[in-house]
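**Q** below: sequence and its predicted model.
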Amino acid sequence: MLLSSIAFLVALIIGVTVHECAHAWMANQLGDPTARLMGRVSLNPMVHFDPLGALMMVIMAFQRIGIAWGKPTPVNPYHLRHGPRVGMGMVALAGPVSNLFLAAMIAVPLRLGLSLPGLLDLLVWTVVIANIGLAVFNLLPIPPLDGFSVLMGILSTIRARWAYEWSSTLARLESQGMMVLFFVLMFDIVIGRLLGFSLLGFILGPPIKLFMRLIVG
């Protein structure tokens, strides 16, 4: 139990570090050097350290749930190529994609059916599971998660009235996103335990299982 929780904490630290580094790298590639100039294009976990995010990592490590975050990556959307919304969508998408890529690379021995020593086998499996969980969770279209910026970027490319109206409505609701996310998390932790039903498990379970099949086999 303790070893698996420690392995999950290590996996979350690795996953969040790669995730935030990918945001910074993509922003720099698209024309905004803000994060790079602040040293955020780095795989050093300390440059992405966020106190509340670190506390969440510890809590989620003992729950073995892939929910955590680092210090938000600073991006000036008006410096990005392709426009602020599409540019921010691309920067946002880079985070979850980096977690899936990391999971796929780490899972190569599992995919090949290689036998690993006990603790290494535990760590490899945990890094794969935690990073897939991080990727799928962050793709939820709720601000401030990455999925919201991805959705806004997609809507901005659609030349239709309904897309404009949806985009405008979502933009107005953006300031309430943290409250919505907090409610979802609290529902899952408190009410879900009482009712024996996990809202996040119901939403995230199918895509997590799909990525596990695709990556691990």
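**A** All right, it came through fine. Numbers count the residues shown, from 1 in each chain.

**Q** element containing the closest residue to Asp188 other than its chain neighbours, please.
**A** In this structure, Asp188 finds its nearest non-sequential neighbour in Leu200, 4.7 Å apart by CB to CB, 6 or more residues apart in numbering. Where C-beta positions appear, they are placed from N, C-alpha and C, glycine not excepted. Assigned by DSSP states H and E, Leu200 falls within helix 199-216.

**Q** quick one, grab the pLDDT at the residue nearest to Asp188.
**A** Leu200 is assigned 82 on the pLDDT scale.

**Q** ok, it to Ala54 distance?
**A** Distance, Leu200 to Ala54, by CB to CB, to the nearest Å: 21 Å.

**Q** repeat for Ile142
**A** In terms of CB to CB, Ile142 sits 22 Å off from Ala54.

**Q** let me see the contact set for the residue nearest to Asp188.
**A** For Leu200, the contact set (CB atoms under 8 Å, 6 or more residues apart in numbering) comprises Ile65, Phe137, Val184, Leu185, Asp188, Gly192.

**Q** for the one helix or strand in the chain whose mean pLDDT sits lowest, buried residues please.
**A** Least confident element among the helices and strands of the chain, by mean pLDDT, DSSP states H and E: helix 192-195 (a mean of 73). The neighbour-count check on helix 192-195 (16 or more other CB atoms under 10 Å) flags Gly192 as buried.

**Q** picking up where we left off before, and the least confident of the contacts of Leu200?
**A** The minimum pLDDT among those falls on Gly192, with 70.

**Q** excluding its backbone neighbours, what's nearest Arg64?
**A** Leaving out its chain neighbours, the residue that sits closest to Arg64 by CB to CB, 6+ apart is Phe8, at 5.1 Å.

**Q** could you do Leu204 as well?
**A** Val136 (5.1 Å).

**Q** mind telling me what element that neighbour is part of?
**A** Counting by DSSP H and E, Val136 is part of helix 118-138.

**Q** buried ones in that helix?
**A** 122-138.

**Q** also stretch 37-52?
**A** Arg40, Val41, Ser42, Pro45, Val47, His48, Asp50.

**Q** equivalent analysis for stretch 146-157, please.
**A** Residues of stretch 146-157 classed as buried: Asp146, Gly147, Phe148, Ser149, Val150, Leu151, Met152, Gly153, Ile154, Leu155, Ser156 (neighbour count, 16+ other CB under 10 Å).

**Q** just stretch 169-185 next, same as before
**A** Leu170, Gly177, Leu181, Val184, Leu185.

**Q** the third one touches Leu145, doesn't it?
**A** Think Leu181. Yes: between Leu181 and Leu145 a contact is recorded at 6.9 Å, counting by CB atoms under 8 Å.
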